[in-house]
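# Sharing a sequence plus its predicted fold:
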Amino acid sequence: DGGITQSPKYLFRKEGQNVTLSCEQNLNHDAMYWYRQDPGQGLRLIYYSQIVNDFQKGDIAEGYSVSREKKESFPLTVTSAQKNPTAFYLCASSRQITGELFFGEGSRLTVL
Amino acid sequence: DQQVKQNSPSLSVQEGRISILNCDYTNSMFDYFLWYKKYPAEGPTFLISISSIKDKNEDGRFTVFLNKSAKHLSLHIVPSQPGDSAVYFCAASIAGGTSYGKLTFGQGTILTVHP
């Protein structure tokens, strides 16, 4: 079945550690996105990539980094510079034509 | 600056009645609007969308209305069912070019449908 796979589903991190969240899609979509969800704030865009080897900062990119070496993969690294990393992270992809996003099941990161 | 706002954090409705979820936006460049439904600990799933060239779009029990002059859209669910209980997000984008898929989301409205 086609879809978006995020891993891990739950992740705990100590302060000062970097952590990488995986996102893989087999929908053959060109564009991929990372959103963050916090209670009462909806979804906010962290980074997005329209094509391989290119990505753009979203609204809240500080403390995060991404790479897009393959069309299928768009990993997100939460660095120690991110002040409030505890959140629910959602990866999504889209075909350029429709703009409709398809989301993964999310990764919940908790900083201890 | 919240460009897409859902001013009702929650809504409670009796099964079989109509649920109306509202969304306001401030950016007049937005011309494509979507509604997503989200269960806890899962990713959002697409429900229905509307382009700014329309003022209504219907899909089964779900209808989205767009009032461009008021910069307001609403999602109607008729009849509401307990399985509709979830968080509903309104989203908007500027169609075309590199903006496709770059959505701006509202804060979400928690819908609870009571049996």
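Perfect, thanks for sending it.
# Show me which residues of chain B sit near chain A.
When proximity is defined as C-beta under 8 Å from any C-beta of the partner chain, chain B approaches chain A at B:4, B:6, B:9, B:32, B:34, B:36, B:41-46, B:49, B:89, B:91, B:93, B:95, B:98-108. Where C-beta positions appear, they are placed from N, C-alpha and C, glycine not excepted.
# Put the buried members of these into a ChimeraX selection.
Of the residues of chain B next to chain A, the buried ones can be selected in ChimeraX as follows, counting by 16 or more other C-beta atoms under 10 Å in any protein chain shown:
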select /B:4,6,32,34,36,43,44,49,89,91,93,99,100,101,102,103,104,105,106,107,108
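# Strands of chain B, residue ranges please.
With DSSP state E as the criterion, chain B has strands at B:4-5, B:10-14, B:19-25, B:32-38, B:45-51, B:56-59, B:62-67, B:72-77, B:86-93, B:104-105, B:109-114.
# any idea how far chain B is from residue A:52?
15 Å (C-beta to the nearest C-beta, to the nearest Å).
# Okay, and that residue sits in which element?
Residue A:52 is part of no helix or strand, with elements assigned from DSSP states H and E.
# correct me, but it touches residue A:73?
No: checked against C-beta atoms under 8 Å, the pair residue A:52 and residue A:73 is beyond contact range at 9.5 Å.
# any idea how far the residue nearest the centre of chain A is from residue B:114?
Residue closest to the average C-alpha location in chain A (C-alpha atoms, centre = their mean): residue A:34, at 3.0 Å. Going from residue A:34 to residue B:114 by C-beta to C-beta, to the nearest Å gives 36 Å.
# Check whether residue A:85 sits in a helix, strand or coil.
Secondary structure state of residue A:85, per DSSP: H, G, I helix; E, B strand; the rest coil, is coil.
# I'd say it and residue A:107 touch.
No: counting by C-beta under 8 Å, residue A:85 stays clear of residue A:107, with 11.5 Å between them.
# Give me the pLDDT value at the closest residue to residue B:78 other than its chain neighbours.
Distances taken as C-beta to C-beta, 6 or more residues apart in numbering or on different chains place residue B:18 nearest to residue B:78, at 4.7 Å, with adjacent residues excluded. Residue B:18 carries a pLDDT value of 98.
# worst-scoring helix or strand of chain B, pLDDT-wise?
Ranked by mean pLDDT, DSSP states H and E, the helix or strand of chain B with the weakest confidence is strand B:104-105, at a mean of 91.
# could you redo the strands of chain B as CSV and give each row distance to residue A:61?
Listed next are these as CSV, based on distance: least, C-beta to C-beta, whole Å:
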stretch, distance to residue A:61
strand B:4-5, 19
strand B:10-14, 31
strand B:19-25, 23
strand B:32-38, 22
strand B:45-51, 25
strand B:56-59, 33
strand B:62-67, 31
strand B:72-77, 28
strand B:86-93, 19
strand B:104-105, 15
strand B:109-114, 27
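# right, so of those strands, which gets closest to residue A:16?
strand B:104-105 (30.4 Å; C-beta to C-beta).
# Show me the contact partners of that closest one.
Strand B:104-105 has contacts (C-beta atoms under 8 Å, 6 or more residues apart in numbering or on different chains) with A:35, A:42-45, B:3-4, B:27, B:30, B:36, B:89-93.
# and residue A:54, how far is that from residue A:89?
21 Å.
# Equivalent analysis for residue A:15, please.
In terms of C-beta to C-beta, residue A:15 sits 18 Å off from residue A:89.
# From the neighbour counts alone, determine which of these two ranks first.
Legend: neighbour count by other C-beta atoms under 10 Å in any protein chain shown for residue A:15 and residue A:89, higher for residue A:89 (22 against 8).
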